[in-house]
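1. all I have is the shape, not the residue letters:
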DNA sequence: CAATTACTTCGCCATATGGCTAAATGACTG
DNA sequence: CAGTCATTTAGCCATATGGCGAAGTAATTG
């Protein structure tokens, strides 16, 4: 296995930071469970905190590439990018067997 | 698959938060690469930041259960707990196939 | 037992994060 | 085109995080 490149570690950076907050992990699992896409309003309704707080979490997830957003009329749809989650699996691979 | 229990989500909480910082991820990969255990001093030497900063990161990792520490004379040895990393894999399993 | 080694703990400070309300935007509806 | 709906942006504030140097502790060494 190659040494972790700079660009690669930057991606890890955003993804792991995004996953650090429970609300953001819940957004991901729920959107996934609901078929991979949900409107902002549906997502916001899951939480007790105010809507702008959810908007902020959504932005973090989008910036990490874990979600993509798309306008649908006056709604906004957030769709999960499962490929980006693979990055986490990739990182875990460093631990899967003893060092060679 | 069962719904995520409270205790379980608390574990996730600590683990994901611990993995959010690049220094802490580097500690884990390096300790793993070096055979699973390293002394505090060796770990601190990897970084440009001051030793107390490393001590703090180590504490976060221990509290997340990702490392365990043990005194060895006047040194302290940190050992990786690979089982705890499985928690991350477990969480990722929520995404491995379409909702049923 | 005094000094040194190997760390950790303490207290401080700057920045980042995550919450809020109020205001702005952009699309649809009458 | 005025109003409403869905959502974001702006600006504010409290707390959490991560850095530091200085001081403390526990084991080993002279």
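-> The structure has been received and is ready for your questions. Bear in mind the structure is a predicted one, so any value in this text is a computation, not a measurement.
2. and the pLDDT for residue A:4?
-> With respect to pLDDT, residue A:4 has a value of 63.
3. which residue would you name as the spatial centre of chain A?
-> The C-alpha lying nearest the average C-alpha coordinate of chain A belongs to residue A:66 (CA atoms, centre = their mean; 3.2 Å).
4. if I pick that one, what's in contact with it?
-> Counting by CB atoms under 8 Å, 6 or more residues apart in numbering or on different chains, residue A:66 makes contact with A:15, A:18-19, A:28, A:80-81, A:84-85. For the C-beta atoms, the positions are set from N, CA and C on the backbone; glycine is no exception.
5. which of these fall in helices?
-> A:15, A:18-19, A:28, A:84-85 (DSSP state H).
6. what is the burial count for whichever residue of chain A sits closest to chain B?
-> Of the residues in chain A, the one nearest chain B is residue A:20, at a distance of 3.8 Å by CB to the nearest CB. By the criterion of other CB atoms under 10 Å in any protein chain shown, residue A:20 has 18 neighbours.
7. what does residue A:44 give?
-> Around residue A:44 there are 19 residues (other CB under 10 Å).
8. returning to what we had before: can you put the contacts of residue A:66 in CSV and add distance to residue B:58 and neighbour count?
-> Shown next, in CSV, are the contacts of residue A:66 (distance: CB to CB, whole Å; neighbours: other CB atoms under 10 Å in any protein chain shown):
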residue, distance to residue B:58, neighbour count
A:15, 23, 22
A:18, 24, 24
A:19, 21, 26
A:28, 29, 23
A:80, 34, 24
A:81, 33, 16
A:84, 29, 19
A:85, 28, 21
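9. tell me, what's the model's pLDDT at the residue nearest to the centre of chain A?
-> 98.
10. can you report phi and psi for it?
-> Dihedral pair for residue A:66: phi -80, psi -20, per degrees, to the nearest 10.
11. right, and DNA strand D sits closest to which residue of chain A?
-> residue A:41 (2.0 Å; CB to the nearest atom of the strand).
12. any idea what sits nearest residue A:62, other than its immediate chain neighbours?
-> Leaving aside its chain neighbours, residue A:62 sits nearest to residue A:69 (5.8 Å; criterion: CB to CB, 6 or more residues apart in numbering or on different chains).
13. that neighbour falls within a strand, correct?
-> Yes. Assignment of residue A:69 by DSSP: H, G, I helix; E, B strand; the rest coil places it within a strand.
14. beta partners for it?
-> Beta-bridge partners for residue A:69, by DSSP bridges, are residue A:78.
15. the closest residue to residue A:26 other than its chain neighbours and DNA strand C: what is the separation?
-> Excluding its sequence neighbours, the residue lying closest to residue A:26 (CB to CB, 6+ apart) is residue A:46, at 7.0 Å. Distance, residue A:46 to DNA strand C, by CB to the nearest atom of the strand, to the nearest Å: 12 Å.
16. pretty sure residue A:46 sits against residue A:30.
-> Yes. With contact taken as CB atoms under 8 Å, residue A:46 and residue A:30 are classed as touching, separated by 6.2 Å.
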